[in-house]
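J.: structure, please.
(one chain, ligands or ions: 1)
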Amino acid sequence: MTITQFASNFYILDDQRVREFLILGKDHALLIDTGFSDTPILDEIRKITSLPIEVVLTHGDGDHTGNLNQFKVCRFHQAEETKINPTIPFYFLKEGDIIDIGDYQFKIIEIPGHTHGSIALLEIHHQWLLVGDTVQKDGPIYMFGGHRNLELYIKSLKKLMNMKDQISILLPSHYDCPISTNYIDYCLEDAVHLKDGELESSPHPKMPCREYQGKHVHFYY
Ligand SMILES: [Zn+2]
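T.: Residues are numbered from 1 along each chain as shown. Now for the predicted structure:
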């Protein structure tokens, strides 16, 4: 696990597969996603802070929710409840909610598609968008199986396109970070080609999906 201080009281935890974000406030800290279940995330956090931790989940995929039961409370979008199946107290987040933590203020943006209840967090002072899995450099972006919806995914990318004047950089959960807002356009362009059946594909060797190669990113669909 690599721990990087990205800004004052703002840390990125990265195990080269998926990353989490830790923001320190005055009396508690905010952890955005909890990683894979084989990652001792709480031990890693305790190297940085002893503050109580509140968790926010960008979505309910297993690489973002491992060891959630080690924490006291979490928040996520209601549409993810059955996917996450939390065993700790939880609250729902919705469009426009503000999370205040120390010097940072995050606005919740609903971006369904990768999963029904996917959210992004927009830090409104620095204009950073923590975008979960919805926008990535290269990918693969998982779009097969239950809880996924390609039409909603495209709609959400159009929504982010229309917000680009409020976003300076993207902080995705996978691959390069940070990346430019151009990747919203790139993912949208390729997702539209995916929907229109215009991308080359081959069967995935292990998973029940095909791998589609876009111009910029690739998808498992
Ligand atoms: Zn993921």
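J.: use CA for all of it now, contacts and neighbours both
T.: Fine.
J.: quick check: Leu191 is in a strand.
T.: Careful, residue 191 is Ala and not Leu. No: counting by DSSP: H, G, I helix; E, B strand; the rest coil, Ala191 is not found in a strand; it is helix.
J.: could you check the pLDDT of the residue nearest to Pro89 when sequence neighbours are not counted?
T.: Distances taken as Cα to Cα, 6 or more residues apart in numbering put Val73 closest to Pro89, at 5.0 Å, once the chain neighbours are dropped. Looking at Val73, its pLDDT stands at 98.
J.: can you list the weak-confidence ranges in this structure?
T.: Within the chain, no range satisfies pLDDT under 70.
J.: got the contact list for the closest residue to Thr2 other than its chain neighbours?
T.: Once flanking residues are discounted, Thr2 sits nearest to Asp14: 5.1 Å by Cα to Cα, 6+ apart. Residues counted as contacts of Asp14 (Cα atoms under 8 Å, 6 or more residues apart in numbering) are 1-3, 20.
J.: of those residues, closest to Pro52?
T.: Glu20 (16.4 Å; Cα to Cα).
J.: element containing the closest one, please.
T.: Assigned by DSSP states H and E, Glu20 belongs to strand 19-24.
J.: residues near the residue nearest to Pro89, how many?
T.: 18 (other Cα atoms under 10 Å).
J.: so it makes contact with Glu54?
T.: Yes: the criterion here is Cα atoms under 8 Å, and Val73 meets it with Glu54 at 5.6 Å.
J.: direction included, what does whatever helix or strand comes next after the strand holding Glu20 pair up with?
T.: Next in sequence after strand 19-24, counting helices and strands by DSSP H and E, comes strand 29-32. Sheet pairing here is set by DSSP bridges, and for strand 29-32 it gives strand 19-24 (antiparallel), strand 53-56 (parallel).
J.: flag every buried residue along strand 29-32.
T.: 29-32 (16 or more other Cα atoms under 10 Å).
J.: do stretch 193-203 as well
T.: 193-194, 199, 201.
J.: endpoints of that stretch, how far apart?
T.: 18 Å (Cα to Cα, to the nearest Å).
J.: identify the residues contacting the spatially most central residue of the chain.
T.: Central residue check for the chain by Cα atoms, centre = their mean: the C-alpha nearest the mean position is that of Gly132, 1.3 Å away. The contact partners of Gly132, taken as Cα under 8 Å, 6+ apart, are 58-59, 118-120, 171-174.
J.: kindly recompute the last result at 6 Å.
T.: For Gly132, the contacting residues are 58, 172-173, by Cα atoms under 6 Å, 6 or more residues apart in numbering.
J.: compare the residues you listed and tell me which is most surrounded.
T.: Thr58 (30 neighbours).
J.: so what's it closest to, chain neighbours aside?
T.: Nearest one to Thr58, counting by Cα to Cα, 6+ apart, is Ile119 at 5.1 Å.
J.: with Asp27 as the reference, measure out to the one you found.
T.: Ile119 is 25 Å from Asp27, by Cα to Cα.
J.: still on that earlier bit, so which of the strands paired with strand 29-32 gets nearest Ile101?
T.: Nearest to Ile101, of the strands paired with strand 29-32 and by Cα to Cα, is strand 19-24 at 7.1 Å.
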